[in-house]
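[1] Give me a 3D structure for the following:
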Amino acid sequence: MRRIESLETFHDEFVCFVRVTAEDGSFGWGQTATYNADITAQVFHRQVAPWALGADADDIAGLVSLVERREHKFPGSYRCRALAGLDTALWDLAGRRQGLPVTSLAGGSPGPIRAYASSMRRDITPEAEAERLTRLCGEQGFTAAKWRIGAECGEDVDEWPGRTEAIVPRVARALGDGIAKLVDANSGFSVPRAIAVGRMLQDHGIVHYEEPVPYWDLDATAEVTAALELDVTGGEQDWDLSVWRRMIAMRAADVVQPDVMYVGGFSRARDVAQMAENAGLLCTPHSANLSLVTICTMHLLKALPNAGPYLEFSIEGPEYYPWQRDLFLGDPFAVEDGCLSVPDAPGWGVEINPAWLDQAHHTKSAAGEYRPSAYNALYHQGERT
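    Residues are numbered from 1 along each chain as shown. Predicted coordinates for the structure are as follows:
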């Protein structure tokens, strides 16, 4: 047994990296979910780290389960966002120890993985979106692309009047027959509007229709899925495994899209993918920014027997999301012939940029400094495991 000696976070408002160090000096890097990362770092040290310090670093699944049980009074998104930092750091540590990439530990193998060019913008005209997606597919060899329709949680109010009806045929025609076409509605429509838009999408050769109605309404999603022939996809926001079980059992969507960081880590994302495999569904995870989430998703997809046909790869660089700048050494997101590559280096195969770490807020929790939450201090009376 190698016990966890310390857990450190390095964060700004957008990103929080986690370093786990074992008593033998071995270490690994992980990440919590992006955005409000400063809040997530507090949750990590208050409600995740106390249960992990001194525990067996090799028992990832057991430790994830322990944190969930001990913090059962605090289920929810932030607990899972923080738990992802511990889980992904432990997978990296395991890979570094064994000299293997994480995907190999999970039953996969390194190598190229097909990606789709994923637009994150709604402030772009149909003409400009068609031009840049066509150009990127030509320059970088992407054979699939996704763009945005509707408005995020828009209740049938488009980003501007008529944008959805304009952008769908414009981009579809520009990409042509050789490119798989995907769209994302981000919970923008009611059921009737989602079905009407879906039929238009089918007419223009779109194959993937993401989050057409409010994601929390599984019955509404299922109604849209049943009415259409193209793949309705979803699940990126969902962290509760009981919701995932219901979603998959009722086949609310054709393709499941867990986000490694939102759902609570690599281990729980694999659990969701396993549920989907058992039901005969594909898993195409959500990975919508150029942080560690895309790296982890690459490793996951290479290990899944029911992996979808492509990796989501954001085309929005640091000029659009400045917080993505200089997170890693080198370029882990190099695209060649429309593919990224999972390296054969140990762990995640990437190194966090020391210069970025130097300017981040740093907090360290160490063994012997056990500080449970006020609730757990009383309820467990200092119990460790």
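[2] Closest to the centroid, which residue in this structure?
    Of all residues in the chain, the one closest to the mean position by CA atoms, centre = their mean is D259, 2.9 Å from it.
[3] Surely it and V293 touch.
    Yes. With contact defined as CB atoms under 8 Å, D259 and V293 form a contacting pair (6.8 Å). Bear in mind the C-beta positions are built from the backbone N, C-alpha and C, glycine included.
[4] related to what we said a few turns ago, show the backbone phi and psi for the residue nearest to the centre of the chain.
    As for D259, its main-chain torsions (degrees, to the nearest 10) stand at phi -100, psi 120.
[5] Apart from its chain neighbours, what residue comes closest to it?
    H286 (4.1 Å; CB to CB, 6 or more residues apart in numbering).
[6] what does D12 give?
    Spatially, and ignoring its direct neighbours in sequence, D12 is nearest to A360 (5.8 Å; CB to CB, 6+ apart).
[7] check contacts around that neighbour.
    F10, H11, D12, F17 (CB atoms under 8 Å, 6 or more residues apart in numbering).
[8] helix/strand/coil for the residue lying closest to G264 once chain neighbours are set aside?
    Nearest residue to G264, sequence neighbours excluded (CB to CB, 6+ apart): C80, at 3.7 Å. With DSSP: H, G, I helix; E, B strand; the rest coil as the basis, C80 sits in helix.
[9] Let me see the ranges of the helices in the stretch 51-200 of the chain.
    Remark: helices assigned in the stretch 51-200 of the chain by DSSP state H, counting those that start in this stretch are 60-70, 77-98, 102-105, 126-140, 163-175, 191-203.
[10] Among the ones you listed, show me which one is buried the most.
    Mean neighbour count (mean count of other CB atoms under 10 Å) peaks for helix 77-98 among the helices of the stretch 51-200 of the chain, with a mean of 26.
[11] Give me the phi and psi for the residue nearest to D259.
    H286 has phi and psi values of phi -90, psi 130 when expressed as degrees, to the nearest 10.
[12] burial of it, as a residue count?
    26 (other CB atoms under 10 Å).
[13] From Q140, how far out is it?
    21 Å (CB to CB, to the nearest Å).
[14] Which elements pack onto the helix or strand I295 falls within?
    Assigned by DSSP states H and E, I295 falls within helix 292-303. On a contact count with 3 or more CB pairs under 8 Å, 6 or more residues apart in numbering; DSSP states H and E, helix 292-303 meets strand 27-31, helix 77-98, helix 102-105, strand 111-118, helix 260-263, helix 266-278, strand 311-314, strand 339-342.
[15] change it to 6 Å
    Applying 3 or more CB pairs under 6 Å, 6 or more residues apart in numbering; DSSP states H and E, we find helix 292-303 packed against helix 102-105, helix 260-263, strand 339-342.
[16] what's the closest of the ones you listed to G76?
    helix 260-263 (11.3 Å; CB to CB).
[17] per-residue confidence averaged over the closest one?
    The average pLDDT within helix 260-263 is 98.
[18] Next: stretch 315-326.
    Stretch 315-326 comes out at a mean pLDDT of 96.
[19] quick one: terminal-to-terminal distance for that stretch?
    Start-to-end span of stretch 315-326 (CA to CA, to the nearest Å) is 16 Å.
[20] So for that stretch, what gets flagged as buried?
    Buried residues in stretch 315-326, counted by 16 or more other CB atoms under 10 Å: I315, Y321, W323, Q324.
[21] who's in contact with the second one?
    To tie it back to what came earlier, the one meant is Y321. For Y321, the contact set (CB atoms under 6 Å, 6 or more residues apart in numbering) is empty.
[22] per-domain residue ranges of the protein.
    Per automatic domain parsing, the domain ranges recorded for the chain read 4-98+353-379, 103-342.
[23] Mind telling me which of these the model trusts least?
    When the domains of the chain are compared by mean pLDDT, domain 4-98+353-379 comes last with a mean of 93.
[24] now for the buried residues of stretch 315-326, which pair is the farthest apart?
    I315 and W323, at 16.3 Å, using CB to CB across the buried residues of stretch 315-326.
[25] which residue sits closest to E316 in space, ignoring its chain neighbours?
    E316's closest residue in space is M120 (CB to CB, 6+ apart), at 4.7 Å.
[26] and the one you found, how far is that from I113?
    M120 sits 20 Å away from I113, taking CB to CB as the criterion.
[27] Show me which of these two is the more surrounded one.
    I113 (21 against 16).
[28] Next, count neighbours for the closest residue in space to that one that isn't next to it in sequence.
    Nearest residue to I113 in three dimensions, chain neighbours excluded: L311, at 5.2 Å (CB to CB, 6+ apart). L311 sits with 24 neighbouring residues when counted by other CB under 10 Å.
[29] Quick check: L311 touching Y116?
    No. Counting by CB atoms under 6 Å, L311 does not reach Y116; the two are 7.2 Å apart.
[30] chain center to the helix holding I295, what's the gap?
    Put simply, helix 292-303 sits 9 Å off its chain's centre (CA atoms, centre = their mean, to the nearest Å).
[31] Stretch 112-132 too?
    In terms of CA atoms, centre = their mean, the centre of stretch 112-132 is set 19 Å apart from its chain centre.
[32] again with stretch 139-151
    Relative to the centre of its chain, stretch 139-151 is centred 18 Å away, using CA atoms, centre = their mean.
[33] how about that stretch: buried residues?
    Buried-residue list, stretch 139-151, by 16+ other CB under 10 Å: Q140, F142, T143, A144, A145, K146, W147, R148, I149, G150, A151.
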